[in-house]
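> Structure for the following, please:
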Amino acid sequence: DTEPWGWQMEGHHMIINYFVLGNQVLMTPTFMGSEPNLVETGDNKGLRTFEIEEKKGLDFYMSLNSKQKEKATIFNKKEFDLNQTEAFRDNQIVPITGISAKKLSEKQQAMLLNLIAEYVNNMREDQAKVKMEEVKHHLNETNFTWIQGSDINSPFYYRIQSPVILIEFDHQRPVFLYDHSKPRPGPVKTHVHTVV
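Sure thing, here's the model as predicted:
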């Protein structure tokens with residue numbers, strides 16, 4: 001009841017660290033990914049992983065006006081894997097970039113909070129609610145960063161960063177699902193990594 005404790009689940013595309021101290025619960029760092037991210041046959045045909053995280057991220061970016069997009073976008077090319085906080089990057093110093101939530105309309109702020117909640121809500125509802133209150137308290141210190149090429153349908157990366165949460169979504173280069181007789185292509189939408 002009084003001592004800190006926790007557990008960890010670790011696999012290739014799933015790492016969860018769960019920490020408990022009294023009524024404080026953290027489900028981070030958490031890494032989730034998949035390749036492929038679409039089930040093409042069988043009972044689960046059509047099931048897609050990270051579909052909502054991808055759509056909400058793109059929808060939020062599309063809600064920005066041209067000046068806001070310019071501020072949010074730090075690179076106009078997506079040629080590499082970009083997650084800053086994956087395995088083997090302990091204590092990574094991640095620069096504050098992109099657009100501040102202070103520069104967003106109320107509707108855009110609500111969309112950003114909804115995107116953050118998509119990740120936070122992987123915890124139990126009561127614990128997620130506590131975390132989202134913390135996130136809202138620091139909303140004016142929250143930044144959104146975007147990286148994508150000129151084609152809006154192409155792979156992209158986004159990062160949400162505040163004093164109390166850091167979220168990354170990244171379309172990665174393929175590892176298994178490409179023609180190995182040809183050079184390895186750049187990032188694809190069928191290989192996704194997320195970090196909280």
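
> Can you mark which positions in the biggest helix by length in the chain are buried?
Longest helix in the chain by number of residues (criterion: DSSP state H): helix 106-120. Neighbour counts over helix 106-120 (16 or more other C-beta atoms under 10 Å) mark Gln108, Gln109, Met111, Leu112, Leu113, Leu115, Ile116, Ala117, Glu118, Tyr119, Val120 as buried. Yep, even glycine has a C-beta here, placed from its N, CA and C like the rest.

> does Lys103 really touch Lys69, like I thought?
No. Counting by C-beta atoms under 8 Å, Lys103 does not reach Lys69; the two are 11.6 Å apart.

> And the strands in the chain?
Per DSSP state E, the chain has strands spanning 5-11, 14-21, 24-26, 30-34, 73-75, 99-100, 143-148, 156-161, 166-171, 192-195. These are given in chain order.

> now the last one: how far from the chain's centre is it?
What it means is strand 192-195. Computed by C-alpha atoms, centre = their mean, to the nearest Å, the chain-centroid distance of strand 192-195 equals 6 Å.

> hang on, the earlier thing: mind putting the strands of the chain into CSV with mean neighbour count, mean pLDDT and distance to Lys56?
As requested, the strands of the chain are exported to CSV (neighbours: other C-beta atoms under 10 Å; pLDDT from 0 to 100; distance: least, C-beta to C-beta, whole Å):
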stretch, mean neighbour count, mean pLDDT, distance to Lys56
strand 5-11, 10, 95, 25
strand 14-21, 14, 94, 21
strand 24-26, 14, 88, 23
strand 30-34, 20, 96, 15
strand 73-75, 16, 97, 18
strand 99-100, 19, 98, 16
strand 143-148, 23, 98, 12
strand 156-161, 23, 98, 10
strand 166-171, 23, 98, 9
strand 192-195, 23, 98, 12
